[in-house]
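[1] can't give you the sequence, but here's the structure:
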DNA sequence: CTTAATTTTCAAAAATTATTGAAAGTTTAG
DNA sequence: CTAAACTTTCAATAATTTTTGAAAATTAAG
């Protein structure tokens, strides 16, 4: 496989992977492009490479900046902005995990807590609802811990050793 | 909060959570409904409770069955099918993790492996692409292990030890 | 200040995804 | 077998999400 094909494949793979971490295709593709670029890119370059509009580029770059994944860089003597992404995959995973937790899991946990403290009218249906809500709440809390903490501790040798054991 | 409100909240929370585990809203809501129901439900009951069409119900129940999350039950002397879902949240998590790995992560890992074995033409751009692809591949493999193995082994002391360490 | 370069916004259009409902298909009872 | 009870299919429609592109806003240079 030659460079151009590999590059396209990388970008489109990452793009479809975007759904896994809950961001849209263009956003994921922009990030992918920056991730394998040897230097920061301008809006024009991103538009050209991905064949997307200016507005689309602007909005998605903005969101990536909001996520903390992309940063602006300025070159002396130039007006336009250059965009760069976090290149360390561990750090990237950490940011994504933290953001997903904050944006999606935390609100769910909050709602499940509200539900589990509902008025218990003594009916079987209510008992089941409370029971299942609490079970799910516990799972959500564990999942959240795994997501936000495990990713944070990649360099820990104990975690690594334990992971290798079960791999 | 009274039963009806709590139930609605549970179903809609789970419905929006559906995007996290990559299934559509109706599918997630049907599963949620079954999950808190004290007994298996028929197509009619699901349609009525969720206010969705027969076709929609049929298609999404089918998908849930394909995922291995919902099972058919037959009552003696009755023609219609009753649907039941896995009630154990741990088991549910296990099934979902396994399916997502199979459907989404495995194909990505395969593609990343293909890319990382691309022809190295010695350019800086190619070097960067290979380097980043390999880093991502390693992360994807670790994430997949955590997802499929750790979730599988809740009673496993290694997983428990890992969790306690970081919690 | 004025002007040109650049980015942002947002209504409209396009693309994608989900839902409906009626017809076709299947299954079981009699 | 036939008929009734039920489930599945799928083309049409609706809802949602994404993308566009041109106008407005912003920024910096002269």
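    Thanks, I have the structure now. As the structure is a computational prediction, the values presented were derived from the model and not from experiment.

[2] what residues does chain A put near DNA strand C?
    Applying CB under 7 Å from any atom of the strand, we find that chain A lies next to DNA strand C at A:42-44, A:54-55, A:58-59, A:61-62, A:78-81. Where C-beta positions appear, they are placed from N, C-alpha and C, glycine not excepted.

[3] Try it again at 6 Å.
    By the rule CB under 6 Å from any atom of the strand, the part of chain A lying against DNA strand C is A:42-43, A:54-55, A:58-59, A:62, A:79-81.

[4] Mind checking which of these are in helices?
    A:43, A:54-55, A:58-59, A:62 (DSSP state H).

[5] which pair in those spans the largest distance?
    Across those, no pair lies farther apart than A:54 and A:62, at 12.4 Å, counting by CB to CB.

[6] what's the helix or strand for the residue nearest the centre of chain A?
    Nearest residue to the geometric centre of chain A (CA atoms, centre = their mean): residue A:96, 3.3 Å. Taking DSSP states H and E as the criterion, residue A:96 maps to helix A:89-100.

[7] quick one: contacts of that helix?
    A:21-22, A:35, A:67-69, A:85-86, A:147-148, A:151-152, A:154-155, B:20, B:132, B:135-136, B:138-139, B:143 (CB atoms under 8 Å, 6 or more residues apart in numbering or on different chains).

[8] biggest separation within the residues of chain A next to DNA strand C, which pair?
    A:59 and A:79 (20.4 Å).

[9] Looking at those two, which is more packed in?
    residue A:59 (14 against 6; other CB atoms under 10 Å in any protein chain shown).

[10] how about the more buried one, what does it touch?
    Applying CB under 8 Å, 6+ apart, no residues contact residue A:59.

[11] What's the separation between it and residue A:43?
    To residue A:43, residue A:59 is 11 Å away according to CB to CB, to the nearest Å.

[12] Residue A:112 now?
    Residue A:112 is 42 Å from residue A:43, by CB to CB.

[13] do the same with residue A:109
    38 Å.

[14] Comparing the two, which shows the higher neighbour count?
    Between residue A:109 and residue A:43, counting by other CB under 10 Å, residue A:109 is the more crowded of the two (18 against 15).

[15] any idea which element the more buried one lies in?
    helix A:106-116.

[16] Let me know whether the helix or strand just after that helix sits next to chain B.
    Sequence order places helix A:124-145 as the next helix or strand after helix A:106-116, per DSSP H and E. Yes. Helix A:124-145 comes into contact with chain B (CB under 8 Å from any CB of the partner chain), by way of A:124-126, A:128-129, A:132-133, A:135-136, A:138-139, A:142-143, A:145.
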